[in-house]
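Visitor: Just a sequence and a predicted model for now, questions to come.
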Amino acid sequence: MLTDAQRREAVASLLESHRTKVQGERPSAMFPEIEIEDSYAISAMVADEMQKRGHRIIGHKVGLTSKAMRASSKIDEPDYGYMFDNMLLEDGAVVKHSDFCVPRVEPELTFVLKAPLKGPGVTLVDVLNATDYVIPSIEIIDARVTEPRKIFDTVADNGAGAGIVLGGRPVRPDAVDLRRIGAAFYRNSEIEETGLAVGVLGHPGKAIAWLANKISAYGQSMEPGHLVLSGSFTRPVWAEKGDTLLADFGELGSVAVKFE
């Protein structure tokens, strides 16, 4: 485990990368003895600093929810990060590429809660009962640390969370079979990726249950109104300057973002 001083050094480096949009040294290179609990502590410390600067937590994001992504990261469970109010974007938003280090995008389903979720013991049924609606979204992910990144680095870096674009048609969780929701992901009218939400732990709601139980160990819970990104069911797509990225969720409509 790292000392408090070492954790704070990693926090300072990440905050500097947030400010400058220039990748900094990865925590695993700074401190080879880092453990996953250090990474979550560093992420929480960065989140605390963000709140001190006036940013409000509006929910969480879950990552590494597909088997392939977990295998590539050599980890046997998903990870998570925090969502802040300044990360929330409307459908069709135009964002500056220079506001990110190396942005990528992913299609996901976002759960909006109407009731609190507090673990341990939260199940898929609990999640569906606590969900007001589910809405199509695009997550913008960014790496504030250099390659080659390890899971310790991604977790410390807020799970790479950088933005969320909401759009399409929101639906009640019992109105459709959420496992069968699909997305075709376009960059400048060319299909880059396709996938089904069943790729997220067998049901995207299971990602929300995992998160509720995971953060309960740190005395945290999810509250009414919180947005929770359930994780991507395609590979991430690079976003270059001038690109328009659009996720077509079929009957649930589409959501898009442009990088200028």
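Guide: Right, received. Where do you want to start?
Visitor: Mind listing residues that contact the helix or strand hosting V46?
Guide: Per DSSP states H and E, V46 falls inside helix 36-52. Applying Cβ atoms under 8 Å, 6 or more residues apart in numbering, the contact partners of helix 36-52 are 1-2, 6-8, 10-11, 14-15, 27, 31, 57, 81-82, 84, 151-153, 155-159, 218. (Each C-beta comes from the backbone N, C-alpha and C, glycine too.)
Visitor: Against which helices or strands is the very next helix or strand once past that helix packed?
Guide: Downstream of helix 36-52, the next assigned helix or strand under DSSP H and E is strand 57-63. With contacts defined as 3 or more Cβ pairs under 8 Å, 6 or more residues apart in numbering; DSSP states H and E, the packing partners of strand 57-63 are strand 79-84, strand 161-166, helix 204-216, strand 227-229.
Visitor: Name the strands paired with the helix or strand harbouring I191 and say parallel or antiparallel.
Guide: Mapping I191 onto the secondary structure by DSSP H and E places it in strand 190-196. Take DSSP bridges as the rule and strand 190-196 pairs in its sheet with strand 182-187 (antiparallel).
Visitor: Could you list the low-pLDDT ranges of this protein?
Guide: 68-76 (pLDDT under 70).
Visitor: Quick check, central residue of it?
Guide: The chain has K61 as the residue nearest its centroid, 3.5 Å off, counting by Cα atoms, centre = their mean.
Visitor: Am I right that it is in contact with G161?
Guide: Yes. Contact criterion Cβ atoms under 8 Å: K61 and G161 qualify, at 4.7 Å.
Visitor: Quickly list what's touching both of the two.
Guide: Between them, K61 and G161 share the contacting residues G81, Y82, M83, E139, L229, judged by Cβ under 8 Å, 6+ apart.
Visitor: Pipe the residues you listed into a markdown table and attach distance to G205 per row.
Guide: What follows is the shared contacts of K61 and G161, written out as a markdown table (distance: Cβ to Cβ, whole Å):
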| residue | distance to G205 |
| --- | --- |
| G81 | 19 |
| Y82 | 20 |
| M83 | 18 |
| E139 | 17 |
| L229 | 13 |
